[in-house]
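Sequence plus the predicted model coming up.
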Amino acid sequence: MQSRSDRITTALREAFAPSALEIIDQSARHAGHAGARPEGETHFAVVLVSPLFRGVSRVQRSRAVHEVLAREFGTGLHALSLTLRTPEEAANDASTPRAQ
């Protein structure tokens, strides 16, 4: 069975054809908080760079990612921290991964 991280990666790659994608499981940091489960895989940080975000507002980008991951939210994903950039925005932000 694929991990949630692997499923998130696959879904985001298929939907957004990213030039950079980083998925970080932060579940251990949220132990004891709302939505946390002992087995983990509930809280993730996502850094996604895609040319498909050009001309798309931050709210629309976030909604698009949440829509793609709706099934994961229905099966235990509780929270996402999202950094969603165009390649041009990423080039101007030293903290954004360059390519993957």
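Perfect, I can see it now. Just so it is clear, the structure is predicted and the values come from calculations on it, not from any experiment.

Please count neighbours and contacts with C-alpha atoms only from this point.
Noted.

for the residue nearest the centre of the chain, helix, strand, or coil?
Closest to where the C-alpha atoms of the chain average out (CA atoms, centre = their mean) is residue 46, at 3.1 Å. The assignment at residue 46 comes out as strand when based on DSSP: H, G, I helix; E, B strand; the rest coil.

So it sits against residue 80, correct?
Yes. Here residue 46 reaches residue 80: they are 6.9 Å apart, a contact under CA atoms under 8 Å.

So residue 55 belongs to a helix, correct?
No. Judged by three-state DSSP, residue 55 forms no part of a helix; its state is coil.

Contact partners for it?
If a contact means CA atoms under 8 Å, 6 or more residues apart in numbering, then residue 55 has no contacts.

So, low pLDDT: which residues of the protein?
28-40, 95-100 (pLDDT under 70).

and if we set it to 90?
Within the chain, the segments meeting pLDDT under 90 span 1-2, 25-43, 76, 78-79, 93-100.

ranges for the helices of this structure?
4-16, 58-68, 70-74, 87-91 (DSSP state H).

can you pull the contacts of the residue nearest to the centre of the chain?
So residue 46 contacts 21, 22, 23, 24, 80, 81, 82, 83, 84 (CA under 8 Å, 6+ apart).

How about residue 72?
Neighbours of residue 72 in contact, by CA under 8 Å, 6+ apart: 4, 8.

can you tell me how far it sits from residue 55?
Separation of residue 72 from residue 55 (CA to CA, to the nearest Å): 27 Å.

go on, residue 47?
Following CA to CA, the distance that separates residue 47 from residue 55 is 18 Å.

buried sites along stretch 5-17?
5, 8, 12, 13, 16 (16 or more other CA atoms under 10 Å).

cool, stretch 80-88 as well?
Buried-residue list, stretch 80-88, by 16+ other CA under 10 Å: 80, 82, 83, 84, 85, 86, 87.
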